[in-house]
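**Q** Show me the folded form of this:
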Amino acid sequence: MAFNTVPLHGKVSRARKNGVNIAFSADISLNVKLDTAEQSSQGDNWKAFCAGMGEFDGTIKFYFVPGNTEQKALQDNIIAAGPGTVLTDVSIVPDGGTTANQFTGNIILTSFALTANMGAVVDVTYTYKGTGAPGFVTNGT
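**A** Modelled structure (predicted):
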């Protein structure tokens, strides 16, 4: 078992494309959600719910380096003549960019935001939406 036994520091987290760490990452988020439908009945004192469908989404922020092969692939995916191609090779790795523990899943990039503030490094943020179920791979299995 390769799970961490101490908290992780955000500085070790990475986004990967095609098994390669995407350079100059600055911030990563992954949100997994589950819809619920209320099924309370008259006379109940507490609300009751049943589980519905799940989904996942998030953001990946980089310091903008368009010459980086992986960043360029993300940019080409959303700023293409036919955007919306499902990416099957992007993963979120919270523990240092290893392949031991990573969140996987097919994603669609839904937005691309570039920020260039005077006196600051230019950054770019991609927003994504998962299609299908996310996975968690531990210890390469």
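
**Q** how about the strands in this structure?
**A** Taking DSSP state E as the criterion, the chain contains strands spanning 14-17, 20-21, 25-38, 49-63, 90-93, 101-115, 123-138.

**Q** Output the below-cut-off pLDDT ranges for this protein.
**A** Confidence mapping of the chain against pLDDT under 70 gives the ranges 1-5, 81, 96-100, 139-141.

**Q** the residue most distant from the middle of it, which is it?
**A** Computed with CA atoms, centre = their mean, the maximum C-alpha offset from the centroid of the chain is found at residue 43, amounting to 42.4 Å.

**Q** now that one: how far from residue 73?
**A** With distances taken as CB to CB, to the nearest Å, residue 43 is found 57 Å from residue 73. Yep, even glycine has a C-beta here, placed from its N, CA and C like the rest.

**Q** And for residue 52?
**A** With the distance defined as CB to CB, residue 52 ends up 34 Å from residue 73.

**Q** Residue 6 too?
**A** The separation that residue 6 has from residue 73, given CB to CB, amounts to 34 Å.

**Q** out of the two, which sits in the busier spot?
**A** The neighbour comparison of residue 6 against residue 73 (other CB atoms under 10 Å) goes to residue 73, with 16 against 5.

**Q** correct me, but that one touches residue 17?
**A** Yes. Under the criterion of CB atoms under 8 Å, residue 73 makes contact with residue 17 at 6.0 Å.

**Q** give the contact list for residue 111.
**A** Residues in contact with residue 111, defined by CB atoms under 8 Å, 6 or more residues apart in numbering, are 78, 125, 126, 127.

**Q** Residue 112 is in contact with residue 78, isn't it?
**A** Yes. Assessed by CB under 8 Å, residue 112 is found in contact with residue 78 at 4.8 Å.
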